[in-house]
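Trainee: Predicted model and sequence below, questions to follow.
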Amino acid sequence: METKNIKLPNELIHELVNHWGRWDVYQKFYLETLAPQLVENPGTGDATEKVILYELKSQLTSTEWNNLPKLIADCRDGQLKKTEIEWKIFHEEELKEQQYKERVLKEELRRKEEQERLRQETLRKEEERNEYLRQEGLRRQKEQKRLRQEELKKEKEHKEQLRQQELKKQEEDARRRHHERLRNNLLEQLYHLLEVSFLECDDFYKTQCQNYISREDFEKIKVEFVQSWIERATNRKPDTEQAAAIASFHNNFQVVARAGSGKTTTLVNRTLFLLKHCHIAPNEILLLAFNRKASIEIRRKLLGLITNGAEFAISSEINRRRKIAGNKKNYDEIEVATVDEVAAQMNIILPHVLTFHALAYAIVHPEESLLFNGTEGEAQGLSRVFQQVIDDHMQIPEFKAEVREIMLEHFKSDWERIVLGGYDRSGVSKSPYLACSRFGPPSQSFIKCS
């Protein structure tokens with residue numbers, strides 16, 4: 001029931017009592033006469049009374065309406081009780097109040113529950129956060145401990161590495177010093193061998209020195225020693241290649257160089273080194289030359305180096321003999337005889353110095369004369385016989401074609417000169433061809449020393 005703008009019966013009765021303001025004079029009239037009349041006929045009252053009575057009648061039960069005079073008297077006495085509607089409204093209000101309180105209580109409970117939930121959620125989150133922080137702290141401690149252990153491990157490994165490096169360095173230094181001592185000792189022995197037994201140096205190096213002295217250093221030491229020795233012996237220092245040729249003994253060695261580059265000088269110095277320093281007997285040394293003139297030159301140079309004054313004695317004796325002989329004797333024969341005589345006078349035995357032809361003759365000992373070509377102006381017996389064989393074959397057609405093919409392949413220019421001159425035909429003088437086809441002494445660009 002809506003009561004927001006409606007006055008309750010007790011309020012209306014109080015207004016009616018107040019409207020009747022002369023209670024001290026007309027109390028009895030009000031209660032016994034006026035009030036009953038108005039109950040019987042509310043329209044008889046004044047305007048205020050009508051309004052109040054219409055409101056009262058709409059709210060009071062019929063019993064309460066008929067007892068209105070008593071209600072007014074109770075109101076005057078202060079004993080006015082609630083009417084039924086007021087009780088109803090009261091109960092409704094009380095119910096509403098109770099419901100409100102219940103709602104407030106429920107809301108409070110809900111709020112408290114929510115607060116509790118929030119508190120529990122906060123506590124849970126706080127606990128989770130604390131647990132996370134605790135776990136994070138433990139993880140960090142564990143990580144820090146791990147990092148520290150790794151750092152200690154690395155530091156320990158680094159110290160161990162430094163210690164090992166130091167030990168390795170000390171070992172290497174010790175090995176290096178030991179190696180250096182052995183190397184210096186071997187060098188001393190090597191230098192001593194170079195002085196006293198040069199030919200044993202290579203075997204000594206192979207058996208003792210290979211792990212301490214490189215082959216390049218060994219060869220350099222030998223070359224420097226030979227250069228120094230030859231310079232002292234001849235007053236001329238050979239270059240590195242010449243000294244290497246002189247110092248090599250245990251293998252075949254070939255020197256290839258242009259004319260005038262010092263091949264003969266190197267050969268002579270090598271022989272001198274073998275005789276004077278290595279103490280090789282002269283009869284154990286064989287030197288071969290391509291022609292007699294070269295062999296004579298080698299013998300003369302070698303004798304001049306072996307003994308001081310030998311060259312002067314040779315030159316003086318050659319001049320004396322040439323004056324005596326005039327043009328009647330070959331000067332090469334004079335030089336050969338002079339070198340042999342000076343060597344005999346000085347009690348010097350020279351090594352075997354031969355041409356290849358002389359060596360072959362000494363080995364074979366033929367019963368007949370050998371065919372050979374001498375130096376320019378001497379006998380050309382080998383060329384003449386060889387030419388005669390060619391001439392004889394040129395007269396036979398089947399051999400002539402072969403000779404022509406060979407000549408075209410190797411001597412094309414000579415063959416063209418033969419054809420142009422008609423020297424391929426019988427009965428024609430062959431003297432110009434013979435002049436251009438003679439074989440002179442072979443020229444070589446190297447000396448092979450073994």
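Mentor: Received, thanks.
Trainee: Check the nearest residue to residue 200 once chain neighbours are set aside and give its pLDDT.
Mentor: Nearest non-adjacent residue to residue 200, counting by C-beta to C-beta, 6 or more residues apart in numbering: residue 193, 5.7 Å away. (Glycine included, C-beta is placed from N, CA and C.) On pLDDT, residue 193 comes in at 91.
Trainee: Quickly note the distance from residue 193 to residue 181.
Mentor: Applying C-beta to C-beta, to the nearest Å, the value for residue 193 to residue 181 is 19 Å.
Trainee: Between those two, tell me which one has more neighbours.
Mentor: Legend: neighbour count by other C-beta atoms under 10 Å for residue 193 and residue 181, higher for residue 193 (17 against 11).
Trainee: give me the element that one is part of.
Mentor: For residue 193, the element it lies in under DSSP states H and E is helix 84-196.
Trainee: cool, and residue 278?
Mentor: Under DSSP H and E, no helix or strand contains residue 278.
Trainee: likewise the one 10 residues further on?
Mentor: In this assignment (DSSP H and E), residue 288 forms part of strand 286-289.
Trainee: in that strand, what counts as buried?
Mentor: 287-289 (16 or more other C-beta atoms under 10 Å).
Trainee: Now render these as JSON lines, adding pLDDT and distance to residue 417.
Mentor: Formatted as JSON lines, the buried residues of strand 286-289 follow (pLDDT from 0 to 100; distance: C-beta to C-beta, whole Å):
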{"residue": "287", "pLDDT": "90", "distance to residue 417": "39"}
{"residue": "288", "pLDDT": "90", "distance to residue 417": "35"}
{"residue": "289", "pLDDT": "86", "distance to residue 417": "33"}
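Trainee: Which one of the residues you listed is nearest to residue 384?
Mentor: residue 289 (23.8 Å; C-beta to C-beta).
Trainee: For that closest one, which non-adjacent residue is spatially closest?
Mentor: The nearest residue in space to residue 289 (C-beta to C-beta, 6+ apart) is residue 295, at 4.1 Å.
Trainee: thinking again about what came up before, list the helices and strands the helix or strand following the helix holding residue 193 packs on?
Mentor: Where DSSP H and E defines the elements, the next helix or strand beyond helix 84-196 is helix 201-204. On a contact count with 3 or more C-beta pairs under 8 Å, 6 or more residues apart in numbering; DSSP states H and E, helix 201-204 meets helix 84-196.
Trainee: Alpha carbons of the strand holding residue 288, in CSV - could you do that?
Mentor: Coordinates of the C-alpha atoms in strand 286-289 are reproduced here as CSV (Å, rounded to 0.1, in the frame of the first residue of the first chain):
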residue,chain,number,x,y,z
LEU,A,286,140.4,-38.3,-62.8
LEU,A,287,139.5,-35.1,-64.8
LEU,A,288,138.2,-35.4,-68.3
ALA,A,289,138.1,-32.7,-71.0
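Trainee: Could you list every helix and strand in contact with that strand?
Mentor: Here strand 286-289 touches helix 292-306, strand 352-355, helix 356-364, going by 3+ C-beta pairs under 8 Å, 6+ apart.
Trainee: Could you look over those and pick the most buried one?
Mentor: helix 292-306 (a mean of 21; mean count of other C-beta atoms under 10 Å).
Trainee: Pull the number of nearby residues for residue 407.
Mentor: Around residue 407 there are 19 other residues, counting by other C-beta under 10 Å.
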